[in-house]
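Engineer: based on what follows, work out the 3D shape:
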Amino acid sequence: MESGDKTYIWQASDWPEWRYDLAVLAQPLADVSRAQGVLMGRLADVGMALRDQASLSALTDDVIKTSEIEGEQLNVESVRSSIARRLGVDIGALAPVDRHVEGVVDMVLDATSRSSGPLTPDRLFGWHAALFPTGHSGLVRIKVGGWRDDATGAMQVVSGPPVRQRVHFEAPPADRLASETERFIDWANSASNEPPLIKAALAHLWFVTLHPFDDGNGRIARAIGDLFLARADGSPQRFYSLSAQIQRERKAYYDILERTQKRSLDVTEWLAWFLDTLHRAVDHSHHTLDTVLARTQLWQRWTTPGSATLNQRQVKVLHRLLDGFEGKLTSSKWAAIARCSPDTALRDITELLARGVLRKSDAGGRSTSYELNDSPR
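Structural biologist: Numbers count the residues shown, from 1 in each chain. Coordinates of the predicted model:
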């Protein structure tokens, strides 16, 4: 971008006076509000234990997918264990958790369970420090727990190889961040006339446009959006994941962001996309709830009174299968997951075959493989 060009919305003379056509958004707002009501009505009919399991599943999805959007793969079992321990939900044996997983979980849970608390620079700095506990993004040292200083150049969102990089967006210069973030935070903490879901969408867009950190801006923007969604729901428990839906529509997400950040301050298109995507996230949560109910029925069947108790190895591997185990489960994979000998793995499997929990897979291959006899998936 050449000096003097006005390519991005933050360069507009009326920035950040957001405009939108509420008449266009009235139907999407009504539709997503109705979908949220249907979901909450369904959840009201299940017990607290199932609500906790549904919330655990949604939060796990949120942590995993908000990282996947940025190309980071977190261990599902570790994330689930970290959240379960914090929520006090019993999932059997807990997996080891590293500090990077703990950091993302810290941010997501703080945003949703403490949504009524004010958004402050210190709170955002804490989230940022939690995301980058080593002070590095990959192998690159970054400024952690403070606004970027642009010491290495303008903050740009780019793609492609270094010789042919495409600039999708350039953020406001660092010397404007003090005033820009103060204005954003004042708006975030003040009462306003925007419908709560509209405010969640604007908060996400506004923060990611400022891009005030060296890295982690997308994840923090989505956490801010979740904070405002939790405020709109009036509940610290989460039963749907917007980040998971954004990951499923990742290309459309980046496309709409780029278009919006290069246009006028009329952001009706962005808000419509956000509301429609949120609606799909809420609809998808019914599948999550179905899975939780099916899992519960399976565990109840596997642990009927008078039946032999499942050992910790069996519980661990069965949880892996229920979480969506990829590939074929063989006795050698069982041994690796459960960290036991091949003979012990075979005994565990044989017991579950006899109880009808597992069955031999019909799929061919050189090794015998196994699958759940009744899978909720």
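
Engineer: SS state for the residue nearest in space to the middle of the chain?
Structural biologist: The geometric centre of the chain, computed from its C-alpha atoms, lies nearest to residue 62 (C-alpha atoms, centre = their mean), at 2.1 Å. Secondary structure for residue 62, judged by DSSP: H, G, I helix; E, B strand; the rest coil, is helix.

Engineer: return the set of buried residues in the helix of greatest length in the chain.
Structural biologist: Identified as the longest helix of the chain according to DSSP state H is helix 268-302. Neighbour counts over helix 268-302 (16 or more other C-beta atoms under 10 Å) mark 268, 270-275, 277-282, 284-285, 288-289, 291-292, 295-296, 298, 302 as buried. Quick note: C-beta positions are derived from backbone N, CA and C, even for glycine.

Engineer: next: stretch 147-158.
Structural biologist: 147-148, 155, 157.

Engineer: which other residues reach that stretch?
Structural biologist: By C-beta atoms under 8 Å, 6 or more residues apart in numbering, the surrounding residues in contact with stretch 147-158 are 143, 165-171, 173-174, 177-178, 181, 211-214.

Engineer: quote the end-to-end distance of it.
Structural biologist: 20 Å (C-alpha to C-alpha, to the nearest Å).

Engineer: burial count for residue 45?
Structural biologist: Per other C-beta atoms under 10 Å, the neighbour tally for residue 45 reads 7.

Engineer: what's the domain layout of this protein?
Structural biologist: If you go by automatic domain parsing, the domain ranges for the chain are 9-293, 309-372.

Engineer: and the ones you listed, which one averages the lowest pLDDT?
Structural biologist: Looking at these, the lowest mean pLDDT belongs to domain 309-372 (a mean of 86).

Engineer: isn't residue 337 up against residue 318?
Structural biologist: No. Residue 337 is beyond contact range of residue 318, at 10.4 Å (criterion: C-beta atoms under 8 Å).

Engineer: please identify which of these two sits among more neighbours.
Structural biologist: More crowded of residue 337 and residue 318, by other C-beta under 10 Å: residue 318, with 21 against 18.

Engineer: how much space is there between that one and residue 113?
Structural biologist: 29 Å (C-beta to C-beta, to the nearest Å).

Engineer: check residue 35 too.
Structural biologist: For residue 35 relative to residue 113 (C-beta to C-beta), the value is 23 Å.

Engineer: what do you get for residue 333?
Structural biologist: 36 Å.

Engineer: give the buried residues for stretch 205-218.
Structural biologist: 205-218.

Engineer: and the domains of the chain, which is most packed in?
Structural biologist: domain 9-293 (a mean of 17; mean count of other C-beta atoms under 10 Å).

Engineer: which helix or strand contains residue 30?
Structural biologist: helix 22-44 (DSSP states H and E).

Engineer: that helix - contacts with which helices or strands?
Structural biologist: helix 196-210, helix 268-302 (3 or more C-beta pairs under 8 Å, 6 or more residues apart in numbering; DSSP states H and E).

Engineer: 7 Å instead, please
Structural biologist: helix 268-302 (3 or more C-beta pairs under 7 Å, 6 or more residues apart in numbering; DSSP states H and E).

Engineer: so the helix it packs on versus helix 196-210, what angle?
Structural biologist: 110 degrees (axes from the mean of the first three to the mean of the last three C-alpha atoms, to 10 degrees).

Engineer: got the angle between helix 268-302 and helix 22-44?
Structural biologist: Using the same axes, to 10 degrees: helix 268-302 against helix 22-44 is 10 degrees.

Engineer: roughly how far is the very next helix or strand once past helix 268-302 from the heart of the chain?
Structural biologist: Downstream of helix 268-302, the first helix or strand assigned by DSSP H and E is helix 312-322. Remark: helix 312-322 is offset 24 Å from the chain centroid, using C-alpha atoms, centre = their mean, to the nearest Å.

Engineer: equivalent analysis for stretch 138-152, please.
Structural biologist: 24 Å.

Engineer: likewise stretch 97-114?
Structural biologist: 11 Å.
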